[in-house]
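**Student:** Provided below are the primary sequence and the corresponding predicted coordinates.
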Amino acid sequence: MNKQFIILDRDGVINYDSDYYIKCPEEWHAIPGSLTAIADLNRAGYRVLVATNQSGVGRGYYDVEMLDRIHEKLMQELAAVGGYIDEIFFCPHHPDAGCACRKPQLGLFHDMQKKYSVDFANTFYIGDSPCDIQVAFATGCKPILVLTSKGQTTLDNYPEFRHVPYFANLAEAVKTILG
């Protein structure tokens, strides 16, 4: 297997997003086709990492233990279709905290680089929001926008991102990547 990576945002890419936050495992629901798409990436030799802002922790809506339970549900449902994620990197801070890890800041990506020696220039970053595309450019990753959740609004409101490849959802993006 190769050591090529793909980095995914979580909310709005793998699972449905919510303006009220995903606060417990019962509120976490995979977008149809997303888990199978990750499993397809795994079978093709890709290692999958997730980079996600989880300001609900910093806002006091849930704690890191609950976030771990949400991620356990993700991993269990993913395993049921033959897939896995190598690691989920997350920023738990409030947007006003001024941390270095909240996307589009690069802290999570520095952590990935230290741990996995990711070759960002040869790595796709798939997201649905402006900060996802911004961080992809800042790291030198190859950005892909999915139109699920905030993706269509991102495309409509940020004309500078219209040259970024975009797809209806993660499953469609992965089909194209795998050819």
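**Tutor:** Received the coordinates, thanks.

**Student:** Identify the residue spatially nearest to Thr177, adjacent ones excluded.
**Tutor:** That one is not Thr; residue 177 is Ile. Closest residue in space to Ile177, ignoring its immediate chain neighbours: Phe124 at 6.3 Å, by CB to CB, 6 or more residues apart in numbering. (Glycine included, C-beta is placed from N, CA and C.)

**Student:** same question, Gln113
**Tutor:** The shortest distance from Gln113 to any non-neighbouring residue, by CB to CB, 6+ apart, is to Phe120 (7.6 Å).

**Student:** Make sure that neighbour is actually in contact with Leu106.
**Tutor:** No. The pair Phe120 / Leu106 is not scored as a contact, 10.2 Å apart, by CB atoms under 8 Å.

**Student:** max-length strand in the chain?
**Tutor:** Counting residues, the longest strand in the chain under DSSP state E turns out to be strand 47-53.

**Student:** Just the CA atoms from that one would do, formatted as CSV, please.
**Tutor:** Output in CSV follows, covering the C-alpha atoms of strand 47-53 (Å, rounded to 0.1, in the frame of the first residue of the first chain):
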residue,chain,number,x,y,z
ARG,A,47,-4.6,6.8,4.4
VAL,A,48,-7.4,9.1,5.7
LEU,A,49,-7.0,11.8,8.2
VAL,A,50,-9.7,14.2,9.5
ALA,A,51,-9.2,17.9,10.4
THR,A,52,-12.3,19.4,12.1
ASN,A,53,-13.1,22.5,14.1
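
**Student:** Strand partners (parallel or antiparallel) of it?
**Tutor:** With DSSP bridges as the test, strand 47-53 is paired with strand 5-8 (parallel), strand 87-91 (parallel).

**Student:** ok now that strand, how far from the chain's centre?
**Tutor:** Put simply, strand 47-53 sits 5 Å off its chain's centre (CA atoms, centre = their mean, to the nearest Å).

**Student:** Equivalent analysis for stretch 5-13, please.
**Tutor:** 2 Å.

**Student:** cool, and stretch 89-109?
**Tutor:** Counting by CA atoms, centre = their mean, stretch 89-109 comes out at 14 Å from the chain centroid.

**Student:** what's near enough to touch Asp68?
**Tutor:** When the contact criterion is CB atoms under 8 Å, 6 or more residues apart in numbering, Asp68 has no partners at all.
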